[in-house]
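Enquirer: Take this sequence and fold it.
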Amino acid sequence: MDREIARRLMEIGAVSLRADPPFKWASGRFAPIYCDNRLLMNYPEIRRRVAESFAAAIRDQGWEPEIVAGTATAGIPHAAWLADLLNLPMVYVRGAAKAHGKGRRIEGLLEEGRRVVLIEDLISTGGSSIDAAQALVEAKAELLGVAAIFTYGLQVSAARFDEAGIALTTLTSFDELMEEALALGELSAAHKAILADWQRDPSAWSVERGGAT
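Expert: A predicted model of the protein is given here:
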């Protein structure tokens, strides 16, 4: 994993810590941490590093994609920068098929049998990423795997990817971010205790505060 990316995410304020009120994720879960990788769009040097790290991770996995796919919306810019770096075509996967026009869920030209890597900005519970990956499979692409900038490292996401039989690689993780936060003096003792409590049982932590499991 790329510790430099973890450090830069902390430096640009992409990682926020707040327990009261907690952050609400797309899954409905409540959490004391939120990673906003959209901020990377403002920093050309960092986003270039992310694209290069994606290319290196894909090589390390032995993947040889013919097309780069991005998840709508946060994965789209990173997929575009990676596709440009690798000189490959690109498509993106909507959260749902359009209700008008041709009713497409996958935008761009995706021919059957093409080897595809799916780019995601982060992995929380894994549901939306797996759903997008399965849409590529249903379109008869050869899905190599999912590559994401960051993972919260939750057991539920690991279990879901294993169950779906989808390979996942990430550039950095929750543990690396916390190490960088400590090194930069961004993590107080109180926040550290809250995060440790959350990480022990994210589902129970969420439910106790009125969020989803």
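Enquirer: Show the residue spans covered by the strands in the protein.
Expert: Defined through DSSP state E, the strands belonging to the chain, from first to last, are 15-17, 23-24, 30-31, 33-35, 67-71, 90-93, 106-107, 115-123, 142-151, 168-173.
Enquirer: got TSV for the ones you listed, with distance to V50 and mean neighbour count too?
Expert: C-beta coordinates here come from the backbone N, C-alpha and C atoms, glycine included. Listed next are the strands of the chain as TSV, based on distance: least, CB to CB, whole Å; neighbours: other CB atoms under 10 Å:
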stretch	distance to V50	mean neighbour count
strand 15-17	15	18
strand 23-24	22	16
strand 30-31	23	22
strand 33-35	13	20
strand 67-71	13	27
strand 90-93	16	24
strand 106-107	22	18
strand 115-123	10	25
strand 142-151	6	23
strand 168-173	7	21
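Enquirer: what's the distance between Y34 and L118?
Expert: In this structure, Y34 and L118 are separated by 22 Å, where distance is defined by CB to CB, to the nearest Å.
Enquirer: quick one: low-confidence parts of this protein?
Expert: Scanning the chain for pLDDT under 70 picks out 99.
Enquirer: Quick test: name the residue nearest the centre of it.
Expert: Against the mean C-alpha coordinate of the chain, by CA atoms, centre = their mean, the closest residue is L122 at 1.7 Å.
Enquirer: which residues sit in contact with Y92?
Expert: For Y92, the set of contacting residues under the criterion of CB atoms under 8 Å, 6 or more residues apart in numbering consists of 69-72, 75-76, 79, 106-108.
Enquirer: Excluding sequence neighbours, find me the nearest residue to it.
Expert: Distances taken as CB to CB, 6 or more residues apart in numbering put G70 closest to Y92, at 4.4 Å, once the chain neighbours are dropped.
Enquirer: for Q199, same thing?
Expert: Computed as CB to CB, 6+ apart, the closest residue to Q199 that is not its neighbour in sequence is F174, at 7.4 Å.
Enquirer: what sits against that neighbour?
Expert: Residues counted as contacts of F174 (CB under 8 Å, 6+ apart) are 33, 150-153, 199.
Enquirer: Could you list everything the residue nearest to the centre of the chain pairs with in the sheet?
Expert: Per DSSP bridges, residues listed as beta-bridge partners of L122: F150.
Enquirer: That one touches C35, doesn't it?
Expert: Yes. Under the criterion of CB atoms under 8 Å, L122 is in contact with C35, at a separation of 5.5 Å.
Enquirer: mind checking how far V68 is from L154?
Expert: Taking CB to CB as the measure, V68 and L154 are separated by 26 Å.
Enquirer: How about S27?
Expert: As defined by CB to CB, S27 lies at a distance of 10 Å from L154.
Enquirer: Ok, A55 next?
Expert: Between A55 and L154 the computed distance is 26 Å (CB to CB).
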